[in-house]
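Engineer: With the sequence up front, the predicted model follows.
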Amino acid sequence: MAQSGKKIEAARKQVEARSYALAEAVPLLQKVKYAKFDETVALNIRLGVDPRHADQMVRGTVVLPHGLGKSKRVLVIAGGDKLAEAREAGADFAGGEEMVDKIQKEGWVDYDAVVATPDMMRAVGKLGKVLGPRGLMPNPKTGTVTFELAKAVAEIKAGKVEFRTDKQGLIHAAVGKLSFPPERLVENAQALLHSVVRAKPAAAKGKYLRGVTLSSTMGPGIALDTAAMEAAAKA
């Protein structure tokens with residue numbers, strides 16, 4: 001067995017075959033760390049929805065109270081006075097249709113989020129094939145198609161996370177770095193879960209949170225107590 005395989009196996013052996021409370025799982029995940037870099041911590045949430053039906057899609061955003069440990073690079077596509085507003089708010093890149101041309105012609109994707117004003121969406125709509133697969137396409141539902149550019153940029157810089165179910169009804173979203181103090185990871189995870197529970201579609205029947213796992217980039221998955229987490233999220 002390769003050295004890395006031995007390390008992950010040793011880490012897995014320290015995780016019991018049971019459900020953990022979130023406040024118990026976070027320090028355990030930090031304890032079994034073996035990678036030499038600062039891993040990303042994520043929640044994997046299995047929901048009792050059928051995403052093949054539009055009325056059961058779960059999608060939303062949440063501003064994590066302690067961010068993600070890195071500042072996102074934000075591109076704003078707007079015109080006129082709105083460009084100055086975007087730059088003053090901290091946008092890393094700001095421009096009008098020339099930005100659309102750059103993305104189309106050069107395949108430029110050196111940014112982590114895109115915000116556009118509604119009047120620019122006719123041009124931005126041409127970028128679906130480039131931005132869509134990367135989850136970067138501006139959308140009114142996630143607050144990235146708006147005239148309130150200062151607010152949008154500030155939220156993204158502060159740690160705004162977008163979540164949505166995939167074809168299997170799963171949500172995978174980062175909640176911070178493994179080097180964070182445990183209480184900060186717990187609070188970030190709680191904020192994400194609270195938003196996911198609030199986004200429950202009316203058409204979803206039966207148990208909503210089917211399974212929640214906490215994991216890091218290289219570490220083992222730790223099953224969480226879904227009943228306790230759902231109760232806390234509803235409180």
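Structural biologist: Received it, and whenever you're ready, just let me know what you need.
Engineer: Buried residues in stretch 142-157, which are they?
Structural biologist: Going by neighbour count (16 or more other Cβ atoms under 10 Å), the buried part of stretch 142-157 is 142-146, 149, 152-153, 155-157. C-betas here are computed from N, CA, C, even on glycine.
Engineer: quick one: average confidence on that stretch?
Structural biologist: Computed over stretch 142-157, the mean pLDDT rounds to 92.
Engineer: what's that stretch in contact with?
Structural biologist: Contacts with stretch 142-157, where a contact means Cβ atoms under 8 Å, 6 or more residues apart in numbering, come from 59-61, 63, 71-72, 74, 76, 78, 82, 85-86, 88-91, 112-118, 121, 138-140, 160, 162.
Engineer: Same check on stretch 12-23?
Structural biologist: Among residues not part of stretch 12-23, those counted as contacts by Cβ under 8 Å, 6+ apart are 28, 31-32, 182, 186, 189-190, 214, 220, 222-226, 228-229.
Engineer: what's the straight distance from one end of that stretch to the other?
Structural biologist: Between the opening and closing residues of stretch 12-23 there is a gap of 18 Å (Cα to Cα, to the nearest Å).
Engineer: quick check: mean pLDDT across it?
Structural biologist: Average pLDDT, stretch 12-23: 88.
Engineer: picking that back up, among the contacts of stretch 142-157, the buried ones, what's the PyMOL command?
Structural biologist: PyMOL command restricting those to the buried ones, with burial defined by 16+ other Cβ under 10 Å:
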select buried, resi 59+60+61+72+74+76+78+82+85+86+89+91+112+113+114+115+116+117+138+139+160+162
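Engineer: Filter the contacts of stretch 142-157 down to just the ones in helices.
Structural biologist: Here DSSP state H is the test, and those give 82, 85-86, 88-89, 121 as lying in helices.
Engineer: if we look at stretch 46-63, which residues are touching it?
Structural biologist: If you take Cβ under 8 Å, 6+ apart as the criterion, stretch 46-63 is touched by 141-143, 155, 158-171, 191-192, 194-196, 198-212.
Engineer: buried set for the helix ranked longest in the chain?
Structural biologist: Counting residues, the longest helix in the chain under DSSP H turns out to be helix 182-198. Within helix 182-198, the residues that qualify as buried are 182, 184-197, counting by 16+ other Cβ under 10 Å.
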